[in-house]
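>>> When you get a sec, could you give me coordinates for this:
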Amino acid sequence: MITNFYTLQALAKEWNQDLNGYILGDAYSQTKDEITLAFASKERTYMVRVRIRQPLQYVFRVEGYNKARRNVATLFQPALDQRITHIKVAERDRMFYIEFEQGTYLQMMLFGNSANVLYVNPEGIIIDAFQQRDRLMGQTAPAHRPAPSLDLFEQFNERWKTDKKSIAKAISSAYPLFNNNLAKEVIHRSGITASLPAECSENELVLLFEQCKNIDAELQNPSPRIYWDGDRVAAFSTITLHEFTECKEEQFDTIDECLRVFIRRRLGQSHFDAAYKPLEKALRTARDQNRNRLDAMLNALSEESRADKYENWGHLLMAAQKSIPPNVDRVEVDDLFNENTQVAIPLDPTLTGIENAEKYYDKARRTRAARAHAEERLEGIEALAEHADQLLHKLNQIKTASDIKKFEKAHADQLAPFLGQQNSRSQDQIPFRRYDLGQGYEVWVGRNAKQNDLLTFKHARKFDLWMHARGVPGSHAVLRRTGRTVIPPKNILEQAASITAFHSKARGSSLVPVIIVERKHVRKPRGAAAGAVLVEKEEVLLVEPGLPQ
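Predicted structure coming up:
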């Protein structure tokens, strides 16, 4: 409601009394999409701040004058030193005007995607503009378009649209000066039970129209107030809004003061939310995901391991190898571990009985290794979930944007593994091969020479560990460290190096030397081909190529 017609009308009335005779001393912009107009008299100075960008468009004033010393250009120079003679809002429209003694005026349009502040001559031609200056100069300023004045129910009924998705939208369409909050207030006060516009009876439409007229009259004598949800502003209004009756209500003597408090708090909340919400989401997601992983692993580990079954099948196939016919995908053999029973074993028909047995022995080994690896990871995943929860609890106690910055700085290393999961590039936008090694560690591997450059010089952080198979062509790989000073465990380094070796021309070798170095020691020679780099301070780890289970 901060830029609806009724608020601007009341604000113009107050400012017309206070600012008449003041001189425009300065006009400048220090914030994107916001212009500041400095008006002065012999006694005092006010700064009128106007923001034209949705979703938070506003105009309000603060006492005093405060302008950055550098890189702030003066705007509206032809309007400077002009004296205010009148401030008004257009008839039943949201055009806000500040008129000067020479007949020129500032025209503020605080609605829609074409919102702007214009400086206009007495003939209605634009002399200057806050935005799109080159395109608008010399054009005729937009004329105001008054909303219809509905004095009779028949006029309201004629404008009623039954195809609107809600009654509130239908009210705003029929009575266009009412926004969503006012439309909801009309519904509440009318007491109607219909849920859709098409369901409203004529009697209900009469009730809605009567409340529109009552609220319209009430808005002509504003009683400004702010509704507070705790220490956060929930709504600004110039009348009682029953939608917010559970919030604390604070009333003000003037629209000017109420707007100033509301908008400055909203701006503060916006800055806070911009810093708080990404952190909160990252930590909450990390905590919940790691808890879910932990639960899934515990459930899996609570079940009987399939390794013993695979191993027994291998033994049984070895014992019955002479009786297994070729090219079958299933065989039934005597179960040597349970008397008088048989067991059905799936087979690969392209393999012999002995080869199928060896396959099951290998499967048993890999299943046991995966189970052992899962057991090793349990403690690390549980610690990550607990750590994320502790950081989230600390974050929830913070109330200001400046304290969030202190929190980020004080806990930079602890936050790193969690923010890595929720950074500005979504997971789907990261184009590289990615391997989760557990404990917060990931390996990213380039798919081609172009991606190698992108990974190494755009996505990798300076303290991440860069890897490459030594002496042979291959992919660049990066082990994402969980903190600037954190040293990855030996098993993590070995897994990352094995992955790097696997994605190289040395994949078929039994052992491959892999370069490991912090990314800051990798540089691109001028004019070098894609993927070509120079490395300093390298260390080498000898590993077997392979991917994690």
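
>>> Count the neighbours of the residue lying closest to residue 229 once chain neighbours are set aside for me.
Sequence neighbours aside, residue 247 is the residue nearest to residue 229 in space, at 5.2 Å (criterion: C-beta to C-beta, 6 or more residues apart in numbering). (Each C-beta comes from the backbone N, C-alpha and C, glycine too.) Neighbour count for residue 247, taken as other C-beta atoms under 10 Å: 17.

>>> distance of residue 247 from residue 268?
18 Å (C-beta to C-beta, to the nearest Å).

>>> related to what we said a few turns ago, got a list of what the residue nearest to residue 229 touches?
227-229, 234-235 (C-beta atoms under 8 Å, 6 or more residues apart in numbering).

>>> Now do the end-to-end distance for stretch 309-327.
End-to-end distance for stretch 309-327: 23 Å, by C-alpha to C-alpha, to the nearest Å.

>>> buried stuff in it?
Buried residues in stretch 309-327, counting neighbours by 16 or more other C-beta atoms under 10 Å, are found at 309-314, 316-317, 320, 324.

>>> do the same with stretch 460-478
460, 464-470, 474-478.

>>> Narrow those to those in strands?
The members of these that map onto strands under DSSP state E are 465-469, 477-478.

>>> Dump those residues to JSON lines, plus pLDDT and distance to residue 206.
Formatted as JSON lines, these follow (pLDDT from 0 to 100; distance: C-beta to C-beta, whole Å):
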{"residue": "465", "pLDDT": "95", "distance to residue 206": "74"}
{"residue": "466", "pLDDT": "95", "distance to residue 206": "75"}
{"residue": "467", "pLDDT": "96", "distance to residue 206": "76"}
{"residue": "468", "pLDDT": "96", "distance to residue 206": "79"}
{"residue": "469", "pLDDT": "94", "distance to residue 206": "82"}
{"residue": "477", "pLDDT": "96", "distance to residue 206": "73"}
{"residue": "478", "pLDDT": "96", "distance to residue 206": "70"}
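
>>> how about low-confidence regions in the stretch 251-400 of the chain?
Filtered on pLDDT under 70, the stretch 251-400 of the chain yields the residue ranges 300, 302-304.

>>> How about the chain?
In the chain (pLDDT under 70), the answer is 71, 300, 302-304, 420-430, 549.

>>> Got the domain ranges for it?
5-136, 153-255, 283-424, 426-543 (automatic domain parsing).

>>> Count the residues that sit near the closest residue to residue 400 other than its chain neighbours.
Among residues not flanking residue 400 along the chain, residue 272 sits closest, at 6.6 Å (C-beta to C-beta, 6+ apart). When counting by other C-beta under 10 Å, one arrives at 18 neighbours for residue 272.

>>> Distance check, residue 272 against residue 366.
Using C-beta to C-beta, we find residue 272 at a distance of 50 Å from residue 366.

>>> residues in contact with residue 476?
Counted by C-beta under 8 Å, 6+ apart, residue 476 has contacts 445-446, 452, 455-456, 466-468, 531, 533.

>>> Try it again at 7 Å.
446, 452, 455-456, 466, 468 (C-beta atoms under 7 Å, 6 or more residues apart in numbering).

>>> Compute the distance between the nearest residue to it once chain neighbours are set aside and residue 522, please.
Closest residue in space to residue 476, ignoring its immediate chain neighbours: residue 452 at 4.0 Å, by C-beta to C-beta, 6+ apart. As judged by C-beta to C-beta, residue 452 and residue 522 stand 11 Å apart.

>>> Tell me the gap between the longest helix that the chain contains and the middle of its chain.
Ranked by residue count, the top helix of the chain under DSSP state H comes out as helix 255-302. For helix 255-302, the separation from the chain centroid amounts to 10 Å (computed by C-alpha atoms, centre = their mean, to the nearest Å).

>>> So what touches the helix or strand following that helix?
Note on helix 255-302: by DSSP states H and E, the next helix or strand toward the C-terminus is helix 307-319. Applying C-beta under 7 Å, 6+ apart, the contact partners of helix 307-319 are 324, 333, 335-337, 343, 345, 353-354, 356-357, 360-361, 363-364, 367-368, 371.

>>> So which residues of the stretch 101-250 of the chain form helices?
In the stretch 101-250 of the chain, the helices defined using DSSP state H, counting those that start in this stretch lie at 133-136, 153-159, 167-174, 180-190, 202-219.

>>> To residue 17, which of the ones you listed lies closest?
Residue 17 lies closest to helix 202-219 among these, at 19.4 Å (C-beta to C-beta).

>>> Export that closest one to PDB, keeping only CA atoms.
What follows is helix 202-219, C-alpha atoms only, in PDB (Å, rounded to 0.1, in the frame of the first residue of the first chain):
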ATOM      1  CA  GLU A 202     -26.500 -10.000  -6.300                       C
ATOM      2  CA  ASN A 203     -27.000  -9.500  -2.600                       C
ATOM      3  CA  GLU A 204     -23.300 -10.400  -2.000                       C
ATOM      4  CA  LEU A 205     -22.200  -8.000  -4.700                       C
ATOM      5  CA  VAL A 206     -24.200  -5.200  -3.100                       C
ATOM      6  CA  LEU A 207     -22.500  -5.900   0.200                       C
ATOM      7  CA  LEU A 208     -19.100  -5.800  -1.500                       C
ATOM      8  CA  PHE A 209     -19.900  -2.500  -3.200                       C
ATOM      9  CA  GLU A 210     -21.100  -1.000   0.000                       C
ATOM     10  CA  GLN A 211     -17.900  -1.900   1.800                       C
ATOM     11  CA  CYS A 212     -15.800  -0.600  -1.100                       C
ATOM     12  CA  LYS A 213     -17.500   2.800  -0.700                       C
ATOM     13  CA  ASN A 214     -17.100   2.700   3.100                       C
ATOM     14  CA  ILE A 215     -13.400   1.900   2.900                       C
ATOM     15  CA  ASP A 216     -12.900   4.500   0.200                       C
ATOM     16  CA  ALA A 217     -14.300   7.100   2.500                       C
ATOM     17  CA  GLU A 218     -12.200   5.900   5.400                       C
ATOM     18  CA  LEU A 219      -9.100   6.200   3.300                       C
END
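
>>> Pull the residues that contact that helix.
6, 153, 156-157, 160, 171, 175, 178, 182, 185-186, 189-190, 192, 194, 238-239.

>>> tell me the angle it makes with helix 167-174.
Relative orientation of helix 202-219 versus helix 167-174 (axes from the mean of the first three to the mean of the last three C-alpha atoms, to 10 degrees): 70 degrees.

>>> ok, and for helix 202-219, which residues are buried?
204-205, 207-209, 211-212, 215-216, 219.

>>> For residue 44, state which of those residues is nearest.
residue 219 (30.1 Å).

>>> circling back to that earlier point, list only buried entries from the contacts of helix 307-319.
Buried by 16+ other C-beta under 10 Å: 324, 333, 343, 345, 353, 356-357, 360-361, 363-364, 367-368, 371, out of these.

>>> Let's have those in JSON lines, adding distance to residue 439 and secondary structure.
Formatted as JSON lines, the buried ones among the contacts of helix 307-319 follow (distance: C-beta to C-beta, whole Å; DSSP: H, G, I helix; E, B strand; the rest coil):
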{"residue": "324", "distance to residue 439": "44", "secondary structure": "coil"}
{"residue": "333", "distance to residue 439": "43", "secondary structure": "strand"}
{"residue": "343", "distance to residue 439": "39", "secondary structure": "strand"}
{"residue": "345", "distance to residue 439": "38", "secondary structure": "strand"}
{"residue": "353", "distance to residue 439": "42", "secondary structure": "helix"}
{"residue": "356", "distance to residue 439": "37", "secondary structure": "helix"}
{"residue": "357", "distance to residue 439": "36", "secondary structure": "helix"}
{"residue": "360", "distance to residue 439": "31", "secondary structure": "helix"}
{"residue": "361", "distance to residue 439": "30", "secondary structure": "helix"}
{"residue": "363", "distance to residue 439": "27", "secondary structure": "helix"}
{"residue": "364", "distance to residue 439": "26", "secondary structure": "helix"}
{"residue": "367", "distance to residue 439": "22", "secondary structure": "helix"}
{"residue": "368", "distance to residue 439": "21", "secondary structure": "helix"}
{"residue": "371", "distance to residue 439": "18", "secondary structure": "helix"}
